[in-house]
Every structure is written in C-alpha cells, then in structure tokens.
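**Q** with the input below, show me the fold.
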Amino acid sequence: MSALGAVSSVAVIILVSALMFLGVRDQQRRSRDAQTVSRVRQMQAEIERYRARTASYPSAVSELGTAGADGFGYQAEPSGCGVDRLESCRSYLLRFRLEGDVGTLAGKNCVAKPLELSCSR
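**A** As a prediction, this is how the structure comes out:
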C-alpha cells in the first residue's frame, strides 16, 4: 500500500468516527429533551390533579409533595397568590429549557401553562 493510500484510509476512518460521534451526541441530546418534556407533562398532570382537589393551583411546587420539580421555574399566577390563602392561584407558568426542537416544540426557552406547552428561540 502506498503512503497516499494509507493516508486516505486513515482519513476515511477519522471521518467515519467523527460522524458516528456526532450522531451519538445528537441522539443523547434528543433523549434528554424528550425526558424533559415528559417530566413537564407529568408535572402538569400533577398540578391539574392538585387543582381538581383544591380548586386552586399550588402557590409553590412544594405543595404537590412530589420530587422531580428541580430544574423547572414554577410561578403561580397572580403573583403572591396562595399566601395565607387570601387569593387563590388561578394559573401557573412552569419554565424549562430544551437543547433543541422536540416534535412541535421549536425553541430552547419553554413555558408550560395550564394544558399548554410552548417554546421560543
């Protein structure tokens, strides 16, 4: 085998390895994003169950008594609701980030509201 042939073979091996590495990284990113969306939908379901029991959204995620809310920014609406139960919480925002697009969710900065998920770039 000539020196040029050996260099060409090495170049092909490096190129194939790089493409495989990028494919694995992309698959891992998509998997993390899918898990995040799944966790958000589970949180939404728990929040809706809480509302069905109490006729109000929780003022804080800790009221749900479940783990797994870490990494999400929860904000009850209106601001300050649920404090001493003077005003019930009528809505919520659950903020989260994605690394890429997931299905119809296009963007990295995402918000879950009652029965809704949306993202923006």
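**Q** what about this structure, any weak spots by pLDDT?
**A** 1-7, 10-24, 65-71, 83-85 (pLDDT under 70).
**Q** can you tell me the SS state at the spatially most central residue of it?
**A** Centroid check for the chain by C-alpha atoms, centre = their mean gives residue 36 as the closest residue, at 3.4 Å. Following DSSP: H, G, I helix; E, B strand; the rest coil, the label given to residue 36 is helix.
**Q** so how far is residue 90 from it?
**A** 26 Å (C-beta to C-beta, to the nearest Å). Heads up, the C-betas are built off the backbone N, CA and C, glycines and all.
**Q** and what of residue 50?
**A** Distance from residue 50 to residue 90, by C-beta to C-beta: 13 Å.
**Q** from the chain's centroid, how far away is stretch 40-58?
**A** Distance, stretch centre to chain centre, for stretch 40-58: 18 Å (C-alpha atoms, centre = their mean, to the nearest Å).
**Q** where along this protein do the helices fall?
**A** 3-54 (DSSP state H).
**Q** what's in contact with the longest strand belonging to it?
**A** In the chain, with assignment by DSSP state E, the single longest strand is strand 91-97. Strand 91-97 has contacts (C-beta atoms under 8 Å, 6 or more residues apart in numbering) with 36, 40, 43-44, 47, 57-58, 71-77, 108-114.
**Q** my read: residue 37 touches residue 105, true?
**A** Yes: counting by C-beta atoms under 8 Å, residue 37 touches residue 105, with 6.8 Å between them.
**Q** residues shared between the contacts of those two?
**A** With C-beta under 8 Å, 6+ apart, residue 37 and residue 105 have common neighbours 98, 117.
**Q** what's the neighbour count on residue 92?
**A** Other residues near residue 92 number 22, with proximity taken as other C-beta atoms under 10 Å.
**Q** quick check: bridge partners of it?
**A** Residue 92 has these beta-bridge partners by DSSP bridges: residue 76.
**Q** pull out the buried members of the contacts of strand 91-97.
**A** Neighbour-count burial (16 or more other C-beta atoms under 10 Å) is assigned, among the contacts of strand 91-97, to 36, 40, 43-44, 47, 57-58, 72, 74, 76, 110-112.
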